[in-house]
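> Below is the sequence, then the predicted model.
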Amino acid sequence: MVFKKMLGALGVGGPSVDTVLSNPNTRPGLPLTGQVNLTGGSNDVELAHVTLGLVTRIEVETGGGDHGAVGEFHRTPVAGRFKLNAGQQLSIPFQVDMPWETPVTDVYGQRLHGMTMGLRTEVAIDRAVDKGDLDPVAVHPLPIQERILEAFGRLGFRFKGADLEYGRIHGVNQTLPFYQEIEFFSAPQYAHGIREVELTFVANPQTVDVVLEFDKRGGMFVGGHDAYGRYTVPHADADAADWAQVVDGWVRQALDQRQSFFASRGGFPGMGGGHGYHGGHQGHGGHRGSGVGGVVAGAALGVAGGLIAGELIENAFEDDGGDDGGDFGDE
């Protein structure tokens with residue numbers, strides 16, 4: 001797309017840029033490829049650099065509550081300093097390696113309500129930086145993530161929403177400064193003991209940490225509380241287990257708990273054992289994300305209703321220098 005703000009940032013008659021993705025669909029750990037097409041303006045110009053950045057919306061907790069902020073979480077240099085002559089057309093191929101912890105935005109072709117992702121092209125001349133419009137990117141789950149999401153749907157859990165929470169999860173080796181929460185309403189067979197479940201994936205090249213937070217119902221004499229679980233599953237086990245049975249085991253273990261965190265009880269079939277909790281987020285004050293309400297189409301997630309697209313990016317993090325980051329579009 002051609003940056004509408006390029007003239008304002010780099011001067012009238014400056015260069016224009018059109019970033020083209022080979023395929024906007026990708027997965028965590030896989031490359032995103034394409035080319036940055038530059039067209040020189042009315043004068044020769046020396047560009048300081050061309051850089052691509054992955055941009056998303058994150059919920060940040062402040063004293064007055066949560067608010068959505070938008071910012072860049074991964075940068076890839078495309079070109080260093082070079083001269084672009086007047087009227088010159090130049091195409092620069094690129095490859096952006098998606099971080100393994102990149103949040104999932106789409107499942108079975110449907111956008112998760114509350115999720116958005118874009119690739120932003122930054123073109124810089126000395127003392128002038130243009131951060132232009134965003135090319136939308138769809139991040140699909142890894143096979144092991146897809147099996148687990150499908151298992152929740154098979155068991156009757158209903159998708160509630162998804163968002164990104166700023167902070168870190170206790171006991172998890174996390175490289176990004178945020179984590180994704182995918183929220184489900186309880187399935188009928190567990191509704192007597194659990195209201196909702198929040199699911200977080202933290203992936204690396206060999207395994208995925210599955211972090212669960214259960215909002216438990218209280219009884220006549222006992223108040224409700226949260227239960228937590230953490231399990232490590234190898235990518236190779238995606239097709240090596242009945243994941244509905246595995247997830248059912250996780251949920252029933254939470255129902256049997258009498259404490260606020262999981263005691264170590266070993267693993268389940270087809271996966272590595274583990275335990276832990278989804279609380280004590282560093283820099284997050286132990287806050288539980290409220291998630292984004294609404295539903296999204298997709299039978300595999302046990303979801304009803306029509307597709308609700310993710311929100312458009314409107315604001316930027318403070319370190320973006322006040323730039324509004326642009327909008328997703330086709331122009």
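Now that the structure is in, tell me what you want to look at. Numbers count the residues shown, from 1 in each chain.

> Could you break the chain into its assigned domains?
Per the record, the chain has its domains at 6-140, 143-293, by automatic domain parsing.

> can I get the ones you listed in TSV with mean neighbour count and mean pLDDT?
Quick note: C-beta positions are derived from backbone N, CA and C, even for glycine. Shown next, in TSV, are the domains of the chain (neighbours: other CB atoms under 10 Å; pLDDT from 0 to 100):
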stretch	mean neighbour count	mean pLDDT
domain 6-140	18	89
domain 143-293	18	76
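
> Surely residue 111 touches residue 105?
Yes. Assessed by CB atoms under 8 Å, residue 111 is found in contact with residue 105 at 6.3 Å.

> Angles on the backbone of the closest residue to residue 189 other than its chain neighbours, please.
Using CB to CB, 6 or more residues apart in numbering and skipping the chain neighbours, the partner closest in space to residue 189 is residue 156 (6.8 Å). Backbone geometry at residue 156, expressed as degrees, to the nearest 10, gives phi 100, psi 10.

> Quickly note the distance from residue 156 to residue 148.
15 Å (CB to CB, to the nearest Å).

> Packing partners of the longest helix along the chain?
Of all segments of type helix in the chain, defined using DSSP state H, the longest is helix 243-256. With contacts taken as 3 or more CB pairs under 8 Å, 6 or more residues apart in numbering; DSSP states H and E, helix 243-256 sits against helix 143-154, strand 194-203, strand 207-216, strand 226-234.

> Pull it out as CSV, backbone CA atoms only.
What follows is helix 243-256, C-alpha atoms only, in CSV (Å, rounded to 0.1, in the frame of the first residue of the first chain):
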residue,chain,number,x,y,z
TRP,A,243,-6.5,-34.0,23.1
ALA,A,244,-10.1,-33.8,24.2
GLN,A,245,-9.2,-36.5,26.8
VAL,A,246,-6.1,-34.6,27.8
VAL,A,247,-7.9,-31.3,28.2
ASP,A,248,-10.7,-33.0,30.1
GLY,A,249,-8.1,-34.3,32.5
TRP,A,250,-6.7,-30.8,33.1
VAL,A,251,-10.2,-29.5,33.8
ARG,A,252,-11.2,-32.3,36.2
GLN,A,253,-7.9,-31.8,38.0
ALA,A,254,-8.8,-28.2,38.6
LEU,A,255,-12.3,-29.2,39.8
ASP,A,256,-10.6,-31.6,42.3
